[in-house]
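Undergrad: Here is my input; please provide its structure:
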Amino acid sequence: MSSPADDRFVSVINDPDGTINARLGRLYAKSGKFFLCIAGTHTSDIPGISAAGVNAEARRLTPCTDAEALLAGKALTAESIPVSPLGVASPVVITRACLSLLDIAVEVIDCGAFAPPAVPYRRAGSRVASCLTTGKALHIDEVLALFEAGKAFGAEAAASYEYIVLAECVPGGTTTAMAVLTALGWNVYGMLSSSLPVDSHDRRQDLVVSGLIKAELRREVLKEQPLHAVAAVGDPMQPFVAGVAYAAAEKIPVIFGGGSQMLAVYALLKALRSTASRDANPVLQNTVVATTKWVAFDPSARTPQLSAALCAPYVAACPDFNQSRHPGLKSYEQFHVKEGAGAGAAMTIAHVVGGCEQSRILAAIDRTYEELIGHNHAVLF
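TA: Numbers count the residues shown, from 1 in each chain. Below is the predicted model of the structure:
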């Protein structure tokens, strides 16, 4: 088998120890499991923060409808799958298409969404996060319970599968990601991408500063227990996914499916594992963050620099949606929506694990778009 990144469909963005191709190569033809971890935060109600739904009410339903579309091939709770304010369809189209090319188990985990999906799922948490501006997004006991639940899920998955993918759907999650990274001591202004065509860095920074001022976090507390950052300004997905990776990556490869949000979870995991040396830490050596080129090369963000600062292994799937039959997919090339529901990771494993070439992946995405959206869906630009 050639190097997974040789044909540039999967592009290496940051490779801190020169092992990404080896990590990805270990996945070839292996059996895995794909977790879609959904959650909600009242941060998503703020106008102009997220394009994961046409309005605040729709954004609250996006996680459950994405889960329904992934498993059932249609929205069940809402009239249609989520679209952005400009009519661009959810990346769950990409994820469902790519997973259909693989023999992979798929499971939805509700970490604390506004509404449960009308498809089979497992519950890890039951509380939606308060807006991060309160400085009290979640109670620390809830965060610790989510982390422990994640570790139990991770140990279970590692005993049954040869690798796992941890994907997310959390509208407003790039803002909570920025907040948690800032709380952990990282200067990330201007670095994180979002679902909006042009990122609103100043707006997010103001929200984050407001929440952290109210939280009054103490550095010594965060050093002892980094999960206090999530309790102050995070969301329910973050501690759960960190917990899954904490346990599972002791034994099997773990792919974080997402961009800015999963880089934040990687940083959280790294903080939680800070007592172990890098050379003796199989958890960090067994992980890769996988996103799309629209996040990695977002002209209004700097996630490659963020991944370098975090020493995070970071790759991006690089399809050419200009070859699609559908304007709603071609719009991704203009940096609309960009990522979500593990779309980048799904394309990556379709290529690396399934051996699918770009033409087959794009054909599957076009076909799934027609099944979920229709032939004549219009975008508003």
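Undergrad: got the buried residues for the helix or strand of the chain with the lowest mean pLDDT?
TA: Least confident element among the helices and strands of the chain, by mean pLDDT, DSSP states H and E: helix 282-285 (a mean of 80). Across helix 282-285, burial judged by 16 or more other Cβ atoms under 10 Å covers Val283, Leu284. Glycine gets a C-beta too; all of them are placed from N, C-alpha and C.
Undergrad: Next: stretch 246-255.
TA: Applying 16+ other Cβ under 10 Å to stretch 246-255 flags Tyr246, Ala247, Ala248, Ala249, Lys251, Ile252, Pro253, Val254, Ile255 as buried.
Undergrad: Now the last one: which helix or strand?
TA: For Ile255, the enclosing helix or strand under DSSP states H and E is strand 254-257.
Undergrad: so how far is that strand off the chain centroid?
TA: The chain centroid and the centroid of strand 254-257 are separated by 8 Å, computed with Cα atoms, centre = their mean, to the nearest Å.
Undergrad: next one: stretch 254-269
TA: Distance, centroid of stretch 254-269 to centroid of chain: 7 Å (Cα atoms, centre = their mean).
Undergrad: Next: stretch 188-205.
TA: On Cα atoms, centre = their mean, the centre of stretch 188-205 falls 16 Å from that of its chain.
Undergrad: Same question for stretch 122-137.
TA: With Cα atoms, centre = their mean, you get 17 Å for stretch 122-137.
Undergrad: and it, what's its mean pLDDT?
TA: Throughout stretch 122-137, pLDDT has a mean value of 97.
Undergrad: how long is it end to end?
TA: Using Cα to Cα, to the nearest Å, the end-to-end distance of stretch 122-137 comes out at 22 Å.
Undergrad: rewinding a little: the least confident helix or strand of the chain packs against which elements?
TA: Contacts defined by 3 or more Cβ pairs under 8 Å, 6 or more residues apart in numbering; DSSP states H and E place helix 282-285 against helix 260-272.
Undergrad: Please save the CA atoms from the helix it packs on in CSV.
TA: Extracted in CSV, the C-alpha atoms of helix 260-272 (Å, rounded to 0.1, in the frame of the first residue of the first chain):
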residue,chain,number,x,y,z
SER,A,260,-11.3,23.5,15.6
GLN,A,261,-13.5,21.6,18.1
MET,A,262,-11.5,18.4,18.0
LEU,A,263,-8.2,20.3,18.3
ALA,A,264,-9.6,21.7,21.5
VAL,A,265,-10.5,18.2,22.7
TYR,A,266,-7.0,17.1,21.8
ALA,A,267,-5.6,19.9,23.9
LEU,A,268,-7.9,18.9,26.8
LEU,A,269,-6.8,15.3,26.5
LYS,A,270,-3.2,16.4,26.5
ALA,A,271,-3.7,18.4,29.6
LEU,A,272,-5.4,15.5,31.3
